[in-house]
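# The sequence isn't on hand, but the structure is:
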């Protein structure tokens, strides 16, 4: 006790010293910072909580506001073009799709923003989605139960896949190809390949209509119809390529090109090679 | 006489010898192959060829064996992504053909004689006496048939041939009859309906025919569509069923009806709409156009939500959905026909009436 008193007394003697104020402020800062670091991740887990939205806003101001504006209202360039569209009402699903597939943040504006490596962690994406979701009502991130076939009998699954195929061929094939291999669009755009894309992102793309794609909102294709489309896409991926090389399933044009250029071309090459190479001897044959 | 041409004859007694400006170097000396000069190399090449043919034989036997050993069965991906049966059959057949081909080439390249020889070209025309003989035969035939002396026979033969030529022209009639005004209407027009279909409509107690989603046939509620939604749709009659649950349009008629009346429905911001016609025929920014390209009739639904430009994948014709379906680019000659929309009593999208103009590719009466 005396020891404590003595040391406190010794400390107390410095309380009016020149560095005392600085030390106290430093200690206070460290304490608040430490407490925040200790408690904030826990609160960020909660869906759409104030802390998560706050974290999302901070991330947004750093990574997104240059094109989308400080409050997500969108930014127009001097000649009236859209640098980044307004994000009011696009909903958390749009953020989860764009940032979760690495399309956003964009490197530069252009006819189409390509897919890149994902920059943000899942927690940061959730925070950004919560912030953008707080700007205005929009489609929420779908639950796995929305696009899973669990709970259906085998027969119902087969029906879902068949119906999904018809809906896919009517609504999606025009741009994304009958096998989801993607295709070209006007002025530098393209419909991306949707083979192997996680079900959640396919669902979110239909819900939100990313970039130049049309919406397929729940009033357009019901959640069950979206689920069936995804079931069909997965059934395509699961079915084996009996012919060996699928070549993207783009159809007879690329298969014909392959046969003509690579197939016949290499045959001609081999024929020329055979004709050009014969071992010759410097010796003369003794004529009989 | 041209001085540049070489002298070809030297008097009557000297034979005609052509003097080339550059002397003919003749064939280069023949180079022998190792197999020609070295008996051991020759033997080795012989063994190689026989070995390749033997390999081909072995693979052909293996083909038969694997045909019986491997079952196609339910597992098409036993080896990698390929079925064992297919893989074995394909590989054996490939080795057989390749072995035979490679053996023959090895044989020809190494063992068959490859001495260069010169073969002079002979004149292309037949000898003079052959030509005279042929003309003689033709002349005799002409005289003996009396084609020149018997004009009756000649003319009647010409008449028969001419009439024979008419037959395929007459059969072109099968391309007709002309379609009349059939191309001007789709099944959106109730005047094209059968009595069955009219009887069904009488039970519906509605004024306007709805525009329903393709494939599933569900009606489209105006409030359900968001801005940017694109719906591939059809007139409701193609999904209608009578009291017994039988479809009212089926078979070929269904295919024809669906392919002519297919439409796309797109909701945009009402402020995005440019032309007066598009605005008048829209409902809350929802517009509806024929899905059939006016160039050669491909179905088009490649829409860009941001620009309202609809692209045809066949020849890149581009139409502006915000501006009466105007052609922006490509070979299409006329705007995409717009369907006038209306909201019915229950809040569903419906057609005011049929298209005002024919849908699909332009034809001669259409211009």
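Sure, I can see it. Quantities reported herein were computed from a predicted structural model and do not represent experimental measurements. Numbering: from 1, shown residues only, chains lettered A, B, ... in the order given.
# report the longest helix in chain B, please.
Longest helix in chain B, counting residues (DSSP state H): helix B:39-69.
# now check it, is it near chain A?
No - using C-beta under 8 Å from any C-beta of the partner chain, helix B:39-69 stays clear of chain A, with a minimum separation of 8.6 Å. The way it works is simple: take the backbone N, C-alpha and C, and place the C-beta from them, glycine included.
# how about that helix: buried residues?
Neighbour counts over helix B:39-69 (16 or more other C-beta atoms under 10 Å in any protein chain shown) mark B:41-42, B:45, B:48-49, B:52-53, B:55-56, B:59-60, B:62-63, B:66 as buried.
# any chance of the residues you listed in CSV, with pLDDT too?
Below are the buried residues of helix B:39-69 laid out as CSV (pLDDT from 0 to 100):
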residue, pLDDT
B:41, 91
B:42, 92
B:45, 94
B:48, 96
B:49, 96
B:52, 97
B:53, 97
B:55, 97
B:56, 97
B:59, 97
B:60, 97
B:62, 96
B:63, 96
B:66, 91
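# Which one of the residues you listed is nearest to chain A?
residue B:41 (8.6 Å; C-beta to the nearest C-beta).
# pretty sure residue B:255 is in a helix, no?
Yes - with DSSP: H, G, I helix; E, B strand; the rest coil as the criterion, residue B:255 is assigned to a helix.
# what does the model give it for pLDDT?
We have a pLDDT of 93 for residue B:255.
# since we're on it, how many residues are nearby?
By other C-beta atoms under 10 Å in any protein chain shown, 12 other residues sit near residue B:255.
# next one: residue A:157
Residue A:157: 15 neighbours (other C-beta under 10 Å).
# Could you list which residues are in contact with it?
Residues in contact with residue A:157 (C-beta atoms under 8 Å, 6 or more residues apart in numbering or on different chains) are A:149, A:231.
# if I look at it, how far off is residue A:178?
The spacing between residue A:157 and residue A:178, counted by C-beta to C-beta, to the nearest Å, is 21 Å.
# What of residue A:25?
Separation of residue A:25 from residue A:178 (C-beta to C-beta) stands at 67 Å.
# Please apply the same query to residue B:281.
With C-beta to C-beta as the criterion, residue B:281 and residue A:178 are 32 Å apart.
# So for residue B:283, what's the nearest residue that isn't a sequence neighbour?
The shortest distance from residue B:283 to any non-neighbouring residue, by C-beta to C-beta, 6 or more residues apart in numbering or on different chains, is to residue B:341 (4.7 Å).
# mind listing what the one you found touches?
By C-beta under 8 Å, 6+ apart, residue B:341 lies in contact with B:211, B:265, B:281-283, B:286-288, B:349-352.
# For PyMOL, write a command that selects the buried ones of those.
Here is the PyMOL command that selects the buried residues among these (16+ other C-beta under 10 Å):
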select buried, chain B and resi 211+265+281+282+283+286+287+288+349+350+351
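# In space, what's closest to the residue of the stretch 151-288 of chain A found nearest chain B - neighbours in sequence excluded?
Closest contact between the stretch 151-288 of chain A and chain B, by C-beta to the nearest C-beta, is at residue A:219 (2.7 Å). Of all residues not flanking residue A:219 in the chain, residue B:224 sits nearest, at 2.7 Å (C-beta to C-beta, 6+ apart).
# how far away is the residue of the stretch 151-300 of chain B found nearest chain A from residue B:274?
Of all residues in the stretch 151-300 of chain B, residue B:224 sits closest to chain A, with a separation of 2.7 Å (C-beta to the nearest C-beta). Distance from residue B:224 to residue B:274, counting by C-beta to C-beta: 25 Å.
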